[in-house]
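# Provide a 3D model corresponding to the input given below.
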Amino acid sequence: MAKHNKWSKVKRLKAVTDARKGKVFSRLSRDITMSARSGGGDPEGNARLRTLLLKAREANMPVDNIDRAIKKGTGELPGVVLEEITYEAYGPGGVAFVIQVTTDNKTRAAKDVRALFSHSGGNLAQSGAVAFQFLHAGQFLIAVEKAPEDRIIEIALAAGADDILTTEQGFEVRCGIPGFDQVAQALEQAGIQPDSAEIAYLPVNFVPVANLGTAKAILHLQEALEENEDVQAVFSNEEFPDEIAAQLG
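Next comes the predicted model:
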């Protein structure tokens, strides 16, 4: 299977810390609401919702918050109307970004995202200008201690996964978007709980960043986007040489 070196980046961007728990709960709540709206509020029949509920429990999200989010999605509780928007942009060093937003105010969200890129020397791009540099697909990250490689490969491929990438830290399972729920269910039935499971934008073209100042600016922009209340996920295609990565820690 192919090698992959992006595990640490993904883990860093998805780290759940106590200081950001409120933002984590807000994101999970919106994701749960949107999942319940599109696939129903019964986790037995909605694999994506089951995956989100596992994330919520791992983050110690209160049960009442989870129930409210599901009921908002199914229409049992009134709530604000949420919309999903995907922005494409260029950041420092020409790095491509895809930003997924779930918001109740499109004007505010667009203004905030545009301002963050302008401040960093980047800019928003037209739809399609950036997305072609990414593979839009299902992605599961599984730590190496969760299961042997041959077991992961057997289960994932039988469930319809397209590829399994390996690193010293673990395995990355990729699948088409229509097959996401099937792969998620197969892993769940096998007792394998991914560290991360999502529909992601995975870079296929990378932009080398050999300047430390530019690298720091990229990380600062990523962190600022992650802190924004409306931003659900940030994907980018920078690639740091080992010496730059070492200086960044």
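# Show the model's pLDDT score for L28.
What the model reports as pLDDT for L28 is 88.
# Please verify my assumption that it contacts E58.
No: when contacts are counted by C-beta atoms under 8 Å, L28 is not listed as touching E58 (9.9 Å). C-beta coordinates here come from the backbone N, C-alpha and C atoms, glycine included.
# Show me the contact partners of the strand of greatest length in the chain.
If you go by DSSP state E, the chain has its longest strand at strand 134-143. Strand 134-143 has contacts (C-beta atoms under 8 Å, 6 or more residues apart in numbering) with 7, 10-11, 96, 98, 152, 156, 162, 169-177, 179-180, 183-184, 187, 192, 194-204, 235, 237.
# mind running it again at 6 Å?
98, 170-175, 180, 194-204 (C-beta atoms under 6 Å, 6 or more residues apart in numbering).
# next SSE after the longest helix that the chain contains?
For the chain, the longest helix by residue count, based on DSSP state H, is helix 21-39. Downstream of helix 21-39, the next assigned helix or strand under DSSP states H and E is helix 47-58.
# For that next one, what is the distance to the chain centroid?
Distance, stretch centre to chain centre, for helix 47-58: 14 Å (C-alpha atoms, centre = their mean, to the nearest Å).
# Hey, what's the angle from that helix to strand 134-143? Just curious.
Per axes from the mean of the first three to the mean of the last three C-alpha atoms, to 10 degrees, the angle that helix 47-58 makes with strand 134-143 is 50 degrees.
# buried residues in helix 47-58?
Under the neighbour-count criterion of 16 or more other C-beta atoms under 10 Å, helix 47-58 has A47, R48, L49, R50, T51, L52, L53, L54, K55, A56 buried.
# Next, format the residues you listed as CSV and append pLDDT.
Below are the buried residues of helix 47-58 laid out as CSV (pLDDT from 0 to 100):
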residue, pLDDT
A47, 81
R48, 83
L49, 89
R50, 87
T51, 84
L52, 88
L53, 90
L54, 85
K55, 84
A56, 89
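# Distance-wise, check the nearest residue to G93 once chain neighbours are set aside relative to E188.
Closest residue to G93 apart from its sequence neighbours, by C-beta to C-beta, 6 or more residues apart in numbering: T214 at 4.4 Å. In this view, T214 and E188 are 41 Å apart by C-beta to C-beta, to the nearest Å.
# the more surrounded of the two?
More crowded of T214 and E188, by other C-beta atoms under 10 Å: T214, with 20 against 16.
# backbone phi and psi for the more buried one, please?
Phi and psi for T214, reported as degrees, to the nearest 10, are phi -70, psi -40.
# If anything else comes up later, I'll come back, but that's it for now.
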